[in-house]
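In: for reference, the sequence and a predicted model appear below.
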Amino acid sequence: MTTSHSRFLQHVLQPAALAETSWTLAHGVTACWHDDSAVELRPATPAANCSYILLSCGIHGNETAPVEVVDGILSDIASGRLHLHHPLLVLFGNPQAMRCGERYLDYDLNRLFNGAHQPHAGLYEAERAALLEQHASRFFAQAGPEHGKLHYDLHTAIRGSVYEKFAIYPFLHQRPHQRSQLAWLKHCGIEAVLLHSKPANTFSYYTSQQHQAAAFTLELGKARPFGENDLSRFAGIDQALRQLLDNSTPTLPDYRDGDYPLFRAKYDLIKHSEAFRLHLAASVENFTVLPDGMLIADDGAERYVASGGEERILFPNPGVKPGLRAGIVVEPAMLDA
Ligand SMILES: O=C(O)CCC(=O)N[C@@H](CCC(=O)O)C(=O)O
Ligand SMILES: [Zn+2]
């Protein structure tokens, strides 16, 4: 299946000198390229209680479907088919990796936020993380206390998944989980949510922690190259984002326990060395249950063994760089009271 890219995505993939970096779209929406992969759109008259909405995609360059979804939204705002009511910042995370169809060039970008880029200065993704943090900071600094701050970081996963579409709620420290956001995720077609239990160097943790945004990583299906995505499988997120942007989201009842399953991150499988061995076949899907006593992975003397029979595996990947997470063991969870 092929899709045509709008002038926004064309510019990201093949940047050319722009006659002007700011211009006016349909309905008086103003658009501004902050750089070749960051575009900010503002309605002519944002509502007093508008939300500042950050959409990021292409943080991993081979996860192309969300890039095409966001590009379609930008295109329809530009033509006037979609009426924008909120300030919107779109960040195309890793344009070089998008051009190569790779997850990253030098280092996984989604391990370099929250200042973690500093020791890696000089690497392409370290420069990107620093820049993306700056864009997010400038955008959210414009929001007043009366405004919402939302960040949806759109991804697709390497493996298939028991729950095709799921979300990751960054660790909130003392802040409560928002049932209204969990309800909106259900409206997007999200089938399960992982509640992180510790800080991370991901983009969604950064905006959640540094800017108190309602921030999520959304895993929306399987990663495929440009031209191979079946965008009908992304209709749920597409429609929900469009409703969010044009203020037509129906009233949604708050998330109730049991609406969909929640999981808590129990521990990470860390690849300490090249001796790391994962004892799961490549066909094992995300959220597969791990039988009690099963050897999940080992790394020299360290052995990761499943316990209890209710644990599940998420993002198993022995190919990560040493020192990084090679999978997450999760377990069923309930929301805090
Ligand atoms: O499929 C995989 O193994 C990775 C998919 C992916 O990119 N997931 C994100 C999750 C980020 C988070 O924990 O919030 C990542 O690994 O960066
Ligand atoms: Zn990703």
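Out: Everything's here; your move. Ligands and ions are numbered 1, 2, ... in the order given.

In: can you list contacts of stretch 155-164?
Out: Contact with stretch 155-164 is made by 59-60, 63-66, 191-192, 217-224, 233, 261, 282, 284-288, 312, 315-317, as judged by Cβ atoms under 8 Å, 6 or more residues apart in numbering. All C-beta spots, glycine's among them, are computed from the backbone N, C-alpha and C.

In: what pLDDT does the residue located most distally from the centre of the chain get?
Out: In the chain, counting by Cα atoms, centre = their mean, residue 301 sits farthest out from the average C-alpha position, at 34.2 Å. Looking at residue 301, its pLDDT reads 93.

In: now swap in the one 4 residues further on and tell me
Out: Per-residue confidence (pLDDT) for residue 305: 98.

In: can you check the one 5 residues further on too?
Out: We have a pLDDT of 98 for residue 310.

In: helix/strand/coil for it?
Out: Secondary structure, DSSP: H, G, I helix; E, B strand; the rest coil: residue 310 is coil.

In: that one against residue 289, yeah?
Out: Yes: the pair residue 310 and residue 289 passes the contact test of Cβ atoms under 8 Å, sitting 7.2 Å apart.

In: residue contacts, the residue nearest the centre of the chain?
Out: The chain has residue 153 as the residue nearest its centroid, 2.4 Å off, counting by Cα atoms, centre = their mean. Residues in contact with residue 153 (Cβ under 8 Å, 6+ apart) are 56, 57, 59, 202, 203, 204, 215, 216, 217, 218.

In: same thing with residue 113?
Out: 129, 132, 133, 201, 202, 203, 205, 206.

In: surely the third one touches residue 206?
Out: Yes: Residue 133 lies in contact with residue 206 (Cβ under 8 Å); the separation is 6.4 Å.

In: and those two? which has more neighbours close in?
Out: Legend: neighbour count by other Cβ atoms under 10 Å for residue 133 and residue 206, higher for residue 206 (28 against 20).

In: just the pLDDT for the more buried one.
Out: pLDDT recorded at residue 206 is 98.

In: how about the nearest residue to it, chain neighbours excluded?
Out: Excluding its sequence neighbours, the residue lying closest to residue 206 (Cβ to Cβ, 6 or more residues apart in numbering) is residue 113, at 4.0 Å.

In: interface residues of this protein facing ligand 2?
Out: When proximity is defined by Cβ under 5 Å from the ion, the chain lies next to ligand 2 at 60, 63, 155.

In: average model confidence for whatever helix or strand residue 127 lives in?
Out: Using DSSP states H and E, residue 127 maps to helix 124-141. Averaged over helix 124-141, pLDDT sits at 98.

In: what is it packed up against?
Out: Helices and strands in packing contact with helix 124-141 are listed as strand 30-35, strand 38-42, strand 51-57, strand 88-92, helix 203-211; criterion 3 or more Cβ pairs under 8 Å, 6 or more residues apart in numbering; DSSP states H and E.

In: below-threshold pLDDT in the protein: ranges please.
Out: Residue ranges of the chain with pLDDT under 70: 1-3, 337.

In: so which residues on it come close to ligand 1?
Out: Within reach of ligand 1 by Cβ under 6 Å from any ligand atom, the chain has these residues: 60, 110, 155, 157-159, 168, 200, 202, 204, 217, 315, 317.
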